[in-house]
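K.L.:
sharing a sequence plus its predicted fold:
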Amino acid sequence: MPCKRAKCTLVGIAGGSASGKTTFTAALKSHFDREYPALTVEIIGMDRYFYRGAPGGPLFVSPSSGEILPNNNHPNSADNDRLIADLKILVSAEDAPDVVIVEGLMTLQIPELREILDLKIFIELDADIRALRRLLRDTKGGRGSTDPEWISTYYRECARVGHNQFVEPSREYADLIIRGDSDFDRTAQFAAAAIRSL
């Protein structure tokens, strides 16, 4: 059942790696917290459901090294069944949040997830800027290897391929498309207005 028939509104935010999804999501929540403090907003990051090489997740063979690596850029890279089940429990709860934001690469690519979203947002950004942002982000740590050569190779062999095959085509399902280099304080206002209209 779509979330709009229940107590809360379910929003999906997708886009390429390092396009600005997480930053925009934070700006949107900050806007709600500041302008509509009576509304409760919860963020669910798809990253927390990633297999990251655990059994059940997709793998790929690196063309350059022959190494078998986790494919974190495939629709099945996250435990989608568990994510959807958790969302259904959350939105049907007696104390469900007013707004639930689901953020991740494949948010608009998974049909079962897409069907329960009330509003679908895609963050777009030029590929070269995303690649540079990703390199700078990952060399600072927190996402596995900090080796620039490894990061750039994984991007070229996996992330870029997954973006072209799965992420970019999912933009056709978006209700709103937002630039990843726009003024997020401003665009968050527009997105919040669209959410409140639901």
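P.N.:
Received it, and whenever you're ready, just let me know what you need. Numbering: from 1, shown residues only.

K.L.:
now the residue nearest to the spatial centre of the chain: closest residue in space, sequence neighbours ignored.
P.N.:
The centre of the chain sits closest to residue 104, judged by CA atoms, centre = their mean, with a distance of 1.4 Å. Spatial nearest neighbour of residue 104, excluding adjacent residues (CB to CB, 6 or more residues apart in numbering): residue 46 at 2.6 Å. C-betas here are computed from N, CA, C, even on glycine.

K.L.:
cool, and residue 30?
P.N.:
Nearest to residue 30 is residue 188, by CB to CB, 6+ apart, at 7.4 Å.

K.L.:
same check on residue 153?
P.N.:
Here the residue nearest residue 153, using CB to CB, 6+ apart, is residue 64, at 6.0 Å.

K.L.:
who's in contact with the residue nearest to residue 104?
P.N.:
By CB atoms under 8 Å, 6 or more residues apart in numbering, the contact set of residue 46 is 78, 83, 102, 103, 104, 105, 106, 107.

K.L.:
again, only this time at 10 Å
P.N.:
Residues near residue 46 by CB atoms under 10 Å, 6 or more residues apart in numbering: 12-14, 21, 77-80, 83, 102-107, 110, 113.
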